[in-house]
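*Asks:* how would this look folded up:
(2 chains)
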Amino acid sequence: MNTSLIKHLCTLLLRTNGELSTISKRCYQSHRIRNQTLDKHRTSPLNKQKTEDAKNDSKPVTNKDPEVPTRFLQKNPEFLPNPDWGYRDQIAEMVERNDMYRRRRNIFMPEFYVGSILAVTLADKFALGKTSRFLGLCIYRGDQGLHHKIILRNVIDNEGVEMMYELYSPLIQKIEVIKLERRLDDELFYLRDCPLEYSYFPQDMESQNIFKDMPVTTNTIKVKLNPRPWSQRWERVDLQGVEPFTGWKSEKQRLKLKRLANQPQVKKEWEKMDLMKHYRESIPPEESMRIYGEVVKDAKDWKNREERET
Amino acid sequence: MAVRGLFRSSLQILTQRSLPFNDLHIKLAEQVSYTQVRGTRSYKRPLRHQPRPWHIKKKASSMELYVTPENKAFLREAAVAHYNNTPSPLRNEPWPRNEYTSETIRTGVIGVKIGVIPQWKKDGTKILCQLIQVVDNHVIRYNPPEKFETALGFNPHWKHKGIGSVVVGALSCTPFNYTRKYTGLFSEAGVPPKRILTKFWITPDAAVQPGTPLSVMHFRAGDYVDVSAKTVARGFQGVMKKWGYKGGPASHGSTKFHRKAGSVQVGKKEGFWKGKKMPGMMGENWRKTKAIKIWRVNTKLNLLYLGTGVPGPHHGYVRIYDSRCHKHRVGKLERGGNVPMPTFYADDIVGEIPEEIYDDQLYNFADPSVEFSAEQSK
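*Replies:* Below you'll find the predicted structure:
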């Protein structure tokens, strides 16, 4: 049988260009267009209003693209789009990135990670002097694009306080890094169930002397958890920065919770081997390197670090 | 009011193959009678998925199995060359252009929903914007009021009087997967066949010549638009999700009665009322949101940044047109400036078109960050 005929039959069955089609969860929508067909219309020769930017965006990856240092990827994780294939679009992602470049030219965004101590000054109508400054430990950093946000935690008047900041909001005046370091975990939400002494930092804390390409240390501190009840079931999570818990009510309770945590439907060990799940929840490396190739080119025009007043 | 003899006569005419499309359109209209008949409440609507009698068959059988890939590529090139060299009707004398008044109704455009993006105002509040791209729109046909009033599908009991219609198409394709009748619709406008078509009502002073391209510059940043689209399809749903019924109790001896509707009728003789809310297919209905603001316009990529509330799924088609609210029709004139009538033409602006146009209240990311002074608050 002719190979080209087989290929044609495959395309008819899958209704794509030989690639696996994305499976939609919802039922059939008559009044919509697929992402692949819309991309074809944007660059088709019949379209006289076509945009050349869309053409460049779908260019295949070559070896001549600039090499992106791995530290640059870790510093700026927000430039990758949302990996949900049901909501992706080339033009929408490109437009969002362009807005981020414009903002980066006006404000200096320093390098920081979850576990480092930050101070953010915000324009505030109701504050004295029309600005408010908050210093705290960064316990979360997430969301893609212009949605990118951080959460700072500190203790004020013996009360745990958390502030969420959207980094691309125009209200933000200044972001300072007081101490540049990492913790053993990616998210530090367990500090809500720890004694307050672990999340207290004075508001007039002196900042570290930070220079460019400074080596980042990891803080290997291990915190203690308060006795139960907690905000989450921490015995089921593999936490590195927490001491083994000892304050059980009884031996019977410890054994019961340990047995529940080791159940297969709780541990879900098969998810580590699920290649399709990993593929759906992440962006393939070829595409991410193409995106960061653009970002590195634009990063030359970004605003640099202001020199400290001595 | 009831329409008699519509479907039977139309089917008879459709079976006669020799009739061309334009004559068929008129002859069907003669068969319809809008005389009022006693004893009938309203005219009987056709079933949901039944095509209207004046619709043409769109899709032809696919040629993929019968043509080799080399020949297919050759045919594509030939089609592109054919449509790029077809004479446009715009070469003739342009139609007269009138000024915008508060009573004119202009055409709309067809857009595609692309995504949601956050934006900030100048006072620091965050808003979410719906990105909509307007891809490859053209005017296909203009029907003046005299012609439109005699057409099928026109209802003499509509509120607007003396109104015409315009057909707009988007996303041009090669003609190989479409029927000959469908491709013949576009010969007047001199454009390749379009993937979708819609119809807008317009007043005769905003008449547009067939073949004119429609772009995002048809609208201005700061104006208000209405958007209509088909909502997200949910499939077959129960009565609690579809109509918001309360359901049954969770406990206290209820068996198999947690998400059900209660009693449906009283008495055997009368039966239950027509139009009773029951489980069934949910979503995919035409819905309209009024008065959505245009915050920002990208002229290079043909993008609209609308406010929230646009119906429909991701990558769904939407119809966008000027808001019919009296407040915004008058407000357009009060804002000043020229409203592009009937649409924007490339000769209207001297020099280059600005790439991005912002609303007065919207923050531009190229500006320095927002600051509040002590005098401002007072």
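*Asks:* Run through the bridge partners of the residue in the stretch 101-250 of chain B positioned nearest to chain A.
*Replies:* Chain A sits closest to B:Gly115 of the stretch 101-250 of chain B, with a gap of 3.6 Å, by Cβ to the nearest Cβ. Bear in mind the C-beta positions are built from the backbone N, C-alpha and C, glycine included. Legend: beta-bridge partners of B:Gly115 under DSSP bridges are B:Leu131.
*Asks:* quick one: pLDDT of it?
*Replies:* Confidence at B:Gly115, expressed as pLDDT, is 95.
*Asks:* what about A:Lys267, neighbour count?
*Replies:* Close neighbours of A:Lys267, defined as other Cβ atoms under 10 Å in any protein chain shown, add up to 13.
*Asks:* Look up the pLDDT of the residue nearest to it when sequence neighbours are not counted for me, please.
*Replies:* Leaving aside its sequence neighbours, A:Lys267 sits nearest to A:Ala261 (Cβ to Cβ, 6 or more residues apart in numbering or on different chains; 7.6 Å). For A:Ala261, the pLDDT comes out at 94.
*Asks:* Could you list which residues are in contact with A:Ala261?
*Replies:* Residues near A:Ala261 by Cβ atoms under 8 Å, 6 or more residues apart in numbering or on different chains: A:Arg233, A:Glu235, A:Arg236, A:Lys267.
*Asks:* The same query, at a cut-off of 10 Å, please.
*Replies:* Residues near A:Ala261 by Cβ atoms under 10 Å, 6 or more residues apart in numbering or on different chains: A:Arg233, A:Trp234, A:Glu235, A:Arg236, A:Val237, A:Lys267.
*Asks:* Are any of those residues buried, and if so which?
*Replies:* Using 16 or more other Cβ atoms under 10 Å in any protein chain shown as the burial test, the contacts of A:Ala261 include A:Trp234, A:Glu235 as buried.
*Asks:* farthest pair in the contacts of A:Ala261?
*Replies:* A:Trp234 and A:Lys267 (14.9 Å; Cβ to Cβ).
*Asks:* And the residue in the stretch 201-310 of chain A that chain B sits nearest to, its phi and psi?
*Replies:* Proximity of the stretch 201-310 of chain A to chain B (Cβ to the nearest Cβ) peaks at A:Lys303, 10.8 Å away. With angles defined as degrees, to the nearest 10, A:Lys303 sits at phi -70, psi 130.
*Asks:* What is the three-state secondary structure of B:Pro210?
*Replies:* What DSSP: H, G, I helix; E, B strand; the rest coil gives for B:Pro210 is coil.
*Asks:* Number of residues surrounding it?
*Replies:* Neighbour count of B:Pro210, defined by other Cβ under 10 Å: 19.
*Asks:* quick one: the closest residue to it other than its chain neighbours from B:Pro87, how far?
*Replies:* Among residues not flanking B:Pro210 along the chain, B:Ala189 sits closest, at 4.2 Å (Cβ to Cβ, 6+ apart). Note on B:Ala189: its distance to B:Pro87, by Cβ to Cβ, to the nearest Å, is 12 Å.
*Asks:* Between those two, point out the one with more neighbours.
*Replies:* More neighbours surround B:Ala189 than the other of B:Ala189 and B:Pro87, with 23 against 9 (other Cβ under 10 Å).
*Asks:* Give the full set of residues in contact with that one.
*Replies:* Residues in contact with B:Ala189 (Cβ under 10 Å, 6+ apart) are B:86, B:88-90, B:138-142, B:167, B:169, B:209-212.
*Asks:* what's downstream of the helix or strand of chain A with the lowest mean pLDDT, the next helix or strand?
*Replies:* Lowest on mean pLDDT, DSSP states H and E among the helices and strands of chain A sits helix A:52-57, with a mean of 52. Per DSSP states H and E, the first helix or strand lying C-terminal to helix A:52-57 is helix A:70-75.
*Asks:* can you pull the contacts of the closest residue to the residue of the stretch 201-310 of chain A closest to chain B other than its chain neighbours?
*Replies:* In space, and not counting its chain neighbours, A:Lys303 is closest to A:Phe108: 4.7 Å by Cβ to Cβ, 6+ apart. Contact analysis of A:Phe108 by Cβ under 10 Å, 6+ apart lists A:Lys174, A:Ile175, A:Glu176, A:Trp302, A:Lys303, A:Asn304, A:Arg305, A:Glu306.
*Asks:* sec struct for A:Phe108, please.
*Replies:* Secondary structure, three-state DSSP: A:Phe108 is coil.
*Asks:* Tell me the buried residues within the contacts of A:Phe108.
*Replies:* Taking 16+ other Cβ under 10 Å as the criterion, what is buried in the contacts of A:Phe108 is A:Ile175, A:Glu176.
*Asks:* Reformat the contacts of A:Phe108 as TSV; add secondary structure and pLDDT.
*Replies:* Output for the contacts of A:Phe108, formatted as TSV (DSSP: H, G, I helix; E, B strand; the rest coil; pLDDT from 0 to 100):
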residue	secondary structure	pLDDT
A:Lys174	strand	94
A:Ile175	strand	95
A:Glu176	strand	94
A:Trp302	coil	92
A:Lys303	coil	91
A:Asn304	coil	85
A:Arg305	coil	78
A:Glu306	coil	70
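*Asks:* Strands of the chain, start to end?
*Replies:* If you meant another chain, say so; for now it's chain A. Along chain A, counting by DSSP state E, strands occupy A:117-123, A:131-142, A:149-155, A:160-166, A:172-179, A:181-182, A:217-218.
*Asks:* could you do chain B instead?
*Replies:* With strands called from DSSP E, chain B shows them at B:109-120, B:126-133, B:137-143, B:164-172, B:194-202, B:213-214, B:224-230, B:235-237, B:280-282, B:286-298, B:303-306, B:317-322, B:356-358.
*Asks:* which helix in chain B runs the most residues?
*Replies:* helix B:69-85 (DSSP state H).
*Asks:* among the contacts of A:Phe108, which two are most distant?
*Replies:* Once Cβ to Cβ is applied, these give A:Glu176 and A:Trp302 as the farthest pair, at 17.1 Å.
*Asks:* Name the nearest residue to A:Val266, ignoring sequence neighbours.
*Replies:* A:Arg236 (6.0 Å).
*Asks:* B:Tyr317 now?
*Replies:* A:His31 (5.4 Å).
*Asks:* Check the spacing between that neighbour and B:Thr179 real quick.
*Replies:* 21 Å.
*Asks:* now B:Val216
*Replies:* 32 Å.
*Asks:* Equivalent analysis for B:Val139, please.
*Replies:* Using Cβ to Cβ, B:Val139 is found at 22 Å from B:Thr179.
*Asks:* More neighbours: the two, which one.
*Replies:* More neighbours surround B:Val139 than the other of B:Val139 and B:Thr179, with 23 against 15 (other Cβ under 10 Å).
*Asks:* Go ahead and confirm the more buried one touches B:Thr343.
*Replies:* Yes. If you go by Cβ atoms under 10 Å, B:Val139 and B:Thr343 touch, sitting 8.1 Å apart.
*Asks:* Give the intersection of the neighbour lists for these two.
*Replies:* B:Thr107, B:Val208, B:Gln209, B:Thr212, B:Pro213, B:Leu214.
*Asks:* now those in TSV, with distance to chain A and neighbour count?
*Replies:* Listed next are the shared contacts of B:Val139 and B:Thr343 as TSV, based on distance: Cβ to the nearest Cβ, whole Å; neighbours: other Cβ atoms under 10 Å in any protein chain shown:
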residue	distance to chain A	neighbour count
B:Thr107	17	25
B:Val208	17	20
B:Gln209	17	17
B:Thr212	12	21
B:Pro213	7	17
B:Leu214	10	24
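*Asks:* would JSON lines of those with pLDDT be doable?
*Replies:* JSON lines is the format used below for these (pLDDT from 0 to 100):
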{"residue": "B:Thr107", "pLDDT": "96"}
{"residue": "B:Val208", "pLDDT": "95"}
{"residue": "B:Gln209", "pLDDT": "95"}
{"residue": "B:Thr212", "pLDDT": "95"}
{"residue": "B:Pro213", "pLDDT": "95"}
{"residue": "B:Leu214", "pLDDT": "96"}
